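Student: Here is the input, now give the coordinates:
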Amino acid sequence: MPDLSLTALQHCAYAFDLTDQKLLFITPAAAQILGYTSTDFFENPALLSEIIEPAYRDEVREKTQNIQDNSLLSLHYRIRTATGEKRWIYDQRALAQGAQPGHQVLLGIVDEQSPESFRQKEDAKLREQFLNSLIDSQTNFLIRFDINGYFSFANKQFLKTLGYKKSEVVGKHFSVVTIPEEMDMCQKAFVNCVNQPGKVIKLAHKKRDKAGQLWDTEWEFVSVTNDDGAVIAIQGIGHDVTQKLIIEKEIKATEQKLDTFIDSINDYFFILDAEWRFTRVNAAFEKVTQKNRDEIIGQTIWEVFPIVVGTIFEKTYREAVAENHDMHLVACVETANMWFDMSVYPSAEGLTAFIKDITEEKRAQQEVSWTKNNLEALINNTEDQIWSVDLETRYVYMNKAYRLQIAHLTGVEPEKGNHSYLHPYSPEMVEQWNQYYARALTGERYSIISESIDPATGKLLSFEISFNPIYKTKGDITGVGCFARNITEWLETEKAIVDQNERLRHIASLTSHELRRPVASMLGLINLMDKRNFFNPDNKEIIEHLLTVGNEIDEVIRLIVDKTFIGDASKNKYQAP
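Tutor: Down below sits the predicted model:
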């Protein structure tokens, strides 16, 4: 038990039986120091607590209840005397065993403390509390070892992260939180710190928490020396970098994926710094420049790619950086006869560019344009009429011949987007054409013959019109394509051929019937003639019959000529004068 001898009776000493809650004794100095006589305290044992100002009373009671055996409790508090005066008191307390078994006695020595002295102690206490609060509020780890490597201090953040209580760490060797694989490394860092006072020793290693989980940490250790320069301790400041390393790993993985992606694309990709020097390129750019990235990185774009100097590309790069906005450009490098589609994105660090070689696309577009123009020329230079309508029978396409023909027939030239029946057609004709389109929209391909009257000549015009459904790539019908051909002359020619064939049939009939009979008679008469005696009187009669048969043949020939050249004046040349 601490020595609380009563030799200095100028102090107020007291003994209080905690078991019986009874004051055993108190020295006369109580009147001078506490402002109450000894009798007052014997009459009212609770007065020892009641004179303490309320603001300090609970703290004094709590600390007194927690006094450990063989320990000394020092208290500073303010009391109010019997006259109402306020005083600062320094009270040292300890526990002792009472004369009666099982009784505990509280022993105390009380002295008045000057305000200045108390303020100094209070300031020191506040500074200590502030320092401890500052240490405990740190998110960093703060630890200290003695020169043998045993913990003498660990802050709350360190203990909380690793799941230890203070008593489980302080006094233990640092190996308690070190994994075996890194023990040698940590020991070397500790020895270096001891042997090199004042030098900061950095260390990155894993700490093992109470549950066995590993934490990645980074530390800075430095030795602590006394006034003689001897190392008395090692202290370290560290922090948990587990999440940081995870994030860095993820960032690295993401960068690797990005690099893989950038190298896999066919577009030319590069990044320039503020001085137009390459900091990053992809494989496609290496290929087009015929240089590997080691030769490119660090060089200016004007050195690596001189072909762009003085072109719209250089102007675009400089304008994007100067005005700090994204730009897009499609242009041709004439010296290389190549087309490029370029997008550039400026930043504080420089410029990022994506360039796509679209030379083949441009050539294909030119070919498509050439083909389209030639097809348009072909379609518009034919007399056949070509047009198409959509699902609502609105015009989608019309060639020149169709426009002119509709304008000629109706007086109104059709336009793209118009309904095909908005022209001045009769309701019956509109319904008929709607049926034509409807059939094609169901997938049927067919042709019709359509007739109309030429308003200028009054002549009947005939057209052969074919209807063809138009399909998407997936097979859905999107409209109808129509082709119309003027077959008026063809029909007239066909009719003339039919008439001619009919006349030929008549000629064949006349030849086979009318002409064959007199010819047979003529041949028979010739056979009857006396060829030896031409002047035979019978021959005269035969010749007269031959003349009659000849006239019959002539009539048949005239009839044949009439049947062959009906309505043709040229037949007269076959007539006898």
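Student: I figured Leu106 hits Gly98, correct?
Tutor: No - with contacts defined as Cβ atoms under 8 Å, Leu106 does not count as touching Gly98, sitting 10.0 Å away. All C-beta spots, glycine's among them, are computed from the backbone N, C-alpha and C.
Student: overlap in contacts of these two?
Tutor: When contacts are counted by Cβ atoms under 8 Å, 6 or more residues apart in numbering, the set common to Leu106 and Gly98 is empty.
Student: Show me how this protein divides into domains.
Tutor: The chain breaks down by automatic domain parsing into domains covering 12-128, 138-245, 265-361, 382-486, 496-574.
Student: Please identify which of these is closest to Ala253.
Tutor: Taking Cβ to Cβ, domain 138-245 is the member of those nearest to Ala253, at 12.4 Å.
Student: returning to that earlier point: reformat the domains of the chain as a markdown table; add mean neighbour count.
Tutor: Written out in a markdown table, the entries for the domains of the chain read as follows (neighbours: other Cβ atoms under 10 Å):
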| stretch | mean neighbour count |
| --- | --- |
| domain 12-128 | 15 |
| domain 138-245 | 15 |
| domain 265-361 | 15 |
| domain 382-486 | 15 |
| domain 496-574 | 13 |
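Student: Pipe the ones you listed into TSV and attach distance to Trp370 and mean pLDDT per row.
Tutor: TSV is the format used below for the domains of the chain (distance: least, Cβ to Cβ, whole Å; pLDDT from 0 to 100):
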stretch	distance to Trp370	mean pLDDT
domain 12-128	91	84
domain 138-245	61	89
domain 265-361	15	86
domain 382-486	19	85
domain 496-574	43	72
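Student: Present those as a markdown table; the columns should include distance to Ile251.
Tutor: Written out in a markdown table, the entries for those read as follows (distance: least, Cβ to Cβ, whole Å):
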| stretch | distance to Ile251 |
| --- | --- |
| domain 12-128 | 43 |
| domain 138-245 | 10 |
| domain 265-361 | 16 |
| domain 382-486 | 44 |
| domain 496-574 | 88 |
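Student: just how off-centre is stretch 190-197 within its chain?
Tutor: Relative to the mean C-alpha coordinate of its chain, stretch 190-197 is positioned 53 Å out (Cα atoms, centre = their mean, to the nearest Å).
Student: thinking again about what came up before, right, and the domains of the chain - which one's nearest Glu255?
Tutor: The stretch from the domains of the chain with the least distance to Glu255 (Cβ to Cβ) is domain 265-361; that distance is 10.6 Å.
Student: Straight-line length of the closest one, end to end?
Tutor: Using Cα to Cα, to the nearest Å, one end of domain 265-361 lies 17 Å from the other.
Student: what's the answer for stretch 153-171, then?
Tutor: Stretch 153-171: ends 9 Å apart by Cα to Cα.
Student: So which elements touch the lengthiest helix in the chain?
Tutor: For the chain, the helix that runs over the most residues, judged by DSSP state H, is helix 537-564. With contacts defined as 3 or more Cβ pairs under 8 Å, 6 or more residues apart in numbering; DSSP states H and E, helix 537-564 has these neighbours: helix 488-510, helix 516-528.
Student: any idea how far the nearest residue to Leu515 once chain neighbours are set aside is from Leu546?
Tutor: Beyond its immediate neighbours in the sequence, the residue positioned closest to Leu515 (Cβ to Cβ, 6 or more residues apart in numbering) is Val556, lying 4.6 Å away. If you measure Val556 against Leu546 using Cβ to Cβ, to the nearest Å, the figure is 15 Å.
Student: again, but for Asn44
Tutor: The span separating Asn44 from Leu546 equals 190 Å under the rule Cβ to Cβ.
Student: Likewise for Phe158?
Tutor: Phe158 sits at a distance of 152 Å from Leu546 (criterion: Cβ to Cβ).
Student: The closest residue in space to Glu349 that isn't next to it in sequence: what's it in contact with?
Tutor: What sits nearest to Glu349 in space, not counting adjacent residues and going by Cβ to Cβ, 6+ apart, is Asp273, at 6.3 Å. Shown here is Asp273, whose contacts under the criterion Cβ under 8 Å, 6+ apart are 279, 349-350.
Student: Which of those residues fall in strands?
Tutor: Of the positions in the contacts of Asp273, 279, 350 sit in strands, assigned by DSSP state E.
Student: Could you dump the contacts of Asp273 into a markdown table and include distance to Val412?
Tutor: Converted to a markdown table, those look like this (distance: Cβ to Cβ, whole Å):
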| residue | distance to Val412 |
| --- | --- |
| Thr279 | 66 |
| Glu349 | 65 |
| Gly350 | 63 |
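Student: And the contacts of Asp273, which is closest to Pro54?
Tutor: Closest approach between these and Pro54, by Cβ to Cβ: Glu349, at 65.4 Å.
Student: Tell me how far the residue nearest to Leu515 lies from Ile507.
Tutor: Val556 sits 10 Å away from Ile507 when distances are taken as Cβ to Cβ.
Student: what pairs with Ser343 across the strands?
Tutor: For Ser343, the residues forming beta bridges with it (DSSP bridges) are His328, Phe354.
Student: which residues of the stretch 301-450 of the chain fall in strands?
Tutor: With DSSP state E, counting those that start in this stretch as the definition, the stretch 301-450 of the chain shows strands at residue ranges 327-333, 338-347, 350-357, 385-390, 395-398, 446-453.
Student: Make sure Gly350 is actually in contact with Arg280.
Tutor: No - because the distance of 9.9 Å does not satisfy Cβ under 8 Å, Gly350 is recorded as not touching Arg280.
Student: what touches both of those two?
Tutor: Residues touching both Gly350 and Arg280 comprise Ile271, with contact defined as Cβ under 8 Å, 6+ apart.
Student: ok, the residue nearest to Val309 when sequence neighbours are not counted - contacts?
Tutor: Once its chain neighbours are removed from consideration, Val309 has its nearest residue in Trp302; the separation is 5.5 Å (Cβ to Cβ, 6+ apart). Counting by Cβ under 8 Å, 6+ apart, Trp302 touches 276, 308-309, 314.
Student: Next: Ile553.
Tutor: When contacts are counted by Cβ under 8 Å, 6+ apart, Ile553 is found next to 515, 518-519, 522.
Student: Next: Pro45.
Tutor: If you count contacts by Cβ under 8 Å, 6+ apart, Pro45 has them with 16, 21-23.
Student: Distance check, the residue nearest the centre of the chain against Tyr164.
Tutor: Closest residue to the average C-alpha location of the chain: Leu258 at 13.2 Å, with Cα atoms, centre = their mean. With distances defined as Cβ to Cβ, the gap from Leu258 to Tyr164 amounts to 42 Å.
Student: just Gln432 next, same as before
Tutor: When Cβ to Cβ is applied, the distance between Gln432 and Tyr164 equals 97 Å.
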